[in-house]
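Enquirer: whatever this is, show me its structure:
(chains A and B)
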Amino acid sequence: MKVCKGETYERVFVNEEVRLCIEQEAESHVKIHVINAPFSITVNQLGEGCQTEIYGLEHLRGEENVTAETHITHSVGGGRSKQLIKFVLDDNARGRFIGDLKIAQDAQQTEAHQTNRNLLLSETAEMRTQPQLEIYADDVKATHGASTGQLDESALFYMQQRGIDKQKARQLLVNAFMKDVIETISDQYSEIREQLLNAIDGVVE
Amino acid sequence: MKELLRIKDLHASIGGKEILKGVNLVINEGEVHAIMGPNGAGKSTLSAVLTGNPAYEVTSGEVYLKGENLLEMAPEVRARAGVFLSFQYPVEIPGVSMTNFMRTALNAKRAYEGKEPLSAKEFLTLMREKKKLLELPDKLNNRSVNEGFSGGEKKKNEIFQMAMLEPCLSILDETDSGLDIDALRIVAEGVNRLKTPQNASIVITHYQRLLDYIVPDFVHVLADGQIVKTGDKNLALELEEKGYEGL
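Expert: Residues are numbered from 1 along each chain as shown, chains lettered A, B, ... in the order given. Reported below is the predicted structural model:
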């Protein structure tokens, strides 16, 4: 599909597998959230000044096996891309993130950020992360970070010391880990955003 | 006077290394006990063991809280039974708001006591009231637990949580470290105002300074895993003057 000049394509997919191949014309904006479903999203910024945002959140349990793929190409200059992909893996779940980011030689003054954070809740869960950056332009700002870790034991103990049982403490930490992805959903989809936040949290305001 | 805590010949280790080598201590309701001692004496180990930190192993000995076997309780049960630790290094928990954290903790304690959970309104009123005690800002509610707090704010936040949970036994682990004199005064005043004839505190500190504000009934010197000397508040002054080697 094509996102025409100056237009915005924004979608939130929940529990729905996503296969998208997008070409962006100048000054267009793509913002996609995928929650709890496999996805493969290919984006090519063909016009100048494009913006691409991809957010993924996967909370996997049991024998679930999910792959998230992004292929972003900055073909011309002045574009921006941001990716935040998080996996929470419990039981025997398997997760995989493939993140290709290419900045072509002509794509000067590109700003590209890719972040993949994963939380393993069991000894048998497994995460594979394959970020791949190809940068051919010299005047760019590009960052990428990938980390896979476990719940912070000192935070768990701190909460238990205040009377919160371990299971609930774990839940609070997992929810905190997931929350910032959901909070990036814009007001246009506020209903879904609040539903998702409520599903993971019982915040008092 | 009613006995609150009894520690009998407590031995504990971390990573196979014995740190506590037979601690004996009885604390009654209404008392403030200071525990002083050189680095590595086991002061923080004692607070970790009393609160059930899984990093430490109790190898022998007994601890009773109001006659109940404390060592058999899970850390959260000890907390609900009224053991509170003001951490030396309060942990930052990004993404968990103070409000959500505190409400979960308080309602867990209330459930343990057979009480109904507080409504959101009652809870927020209580938060506001207790925050005043520590001169903490209102915006605290929506901030993540300890995240981005200054050293002083973290320690005030510990005492604020203590005020919310109203423990029967508070352990203040180096609460004075990293505090400037104003923050120290606020924290100490908070602690003093929370004192009742039914609760007790253990104040762990390196320096006499904190004890100018929180006046102890007893001062114990912990050295190499044992309490080697017990006295009144004057012992702290003596230590300040002569050092631990002068004992």
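Enquirer: CA atoms for contacts and neighbours, from now on please.
Expert: OK.
Enquirer: okay, and the most centrally placed residue in chain B sits in which element?
Expert: For chain B, the residue nearest the mean C-alpha position is residue B:171 (2.0 Å; C-alpha atoms, centre = their mean). Here residue B:171, judged by DSSP states H and E, is contained in strand B:169-173.
Enquirer: got the angle for the helix or strand just after that strand vs strand B:169-173?
Expert: Sequence order places helix B:181-193 as the next helix or strand after strand B:169-173, per DSSP H and E. Counting by axes from the mean of the first three to the mean of the last three C-alpha atoms, to 10 degrees, helix B:181-193 lies at 160 degrees to strand B:169-173.
Enquirer: and the angle for the helix or strand just after helix B:181-193 with helix B:181-193?
Expert: Proceeding N to C from helix B:181-193, the next assigned helix or strand is strand B:200-204, under DSSP H and E. Here strand B:200-204 runs at an angle of 150 degrees relative to helix B:181-193 (the same axes, to 10 degrees).
Enquirer: report the backbone C-alpha coordinates of strand B:200-204 in PDB.
Expert: Extracted as PDB, the C-alpha positions of strand B:200-204 are listed here (Å, rounded to 0.1, in the frame of the first residue of the first chain):
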ATOM      1  CA  ALA B 200       9.200   0.000  68.600                       C
ATOM      2  CA  SER B 201      12.100   0.900  66.400                       C
ATOM      3  CA  ILE B 202      15.500  -0.400  65.600                       C
ATOM      4  CA  VAL B 203      17.800   2.500  64.400                       C
ATOM      5  CA  ILE B 204      20.800   1.200  62.600                       C
END
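Enquirer: hmm, it touching chain A?
Expert: No: Strand B:200-204 lies out of reach of chain A by C-alpha under 8 Å from any C-alpha of the partner chain, never closer than 15.9 Å.
Enquirer: partner strands of that strand, with direction?
Expert: Strand B:200-204 has its sheet partners listed here by DSSP bridges as strand B:32-36 (parallel), strand B:169-173 (parallel).
Enquirer: same question for that strand, mean pLDDT?
Expert: Strand B:200-204 carries an average pLDDT of 96.
Enquirer: ok, now stretch A:4-24?
Expert: 97.
Enquirer: quote the end-to-end distance of it.
Expert: 7 Å (C-alpha to C-alpha, to the nearest Å).
Enquirer: identify all contacting residues around it.
Expert: A:1-3, A:25-47, A:50, A:185, A:189 (C-alpha atoms under 8 Å, 6 or more residues apart in numbering or on different chains).
Enquirer: again, only using 7 Å
Expert: The contact list for stretch A:4-24 (C-alpha atoms under 7 Å, 6 or more residues apart in numbering or on different chains) reads A:1-3, A:25-47, A:50.
Enquirer: just the buried members of those?
Expert: A:3, A:25-47, A:50 (16 or more other C-alpha atoms under 10 Å in any protein chain shown).
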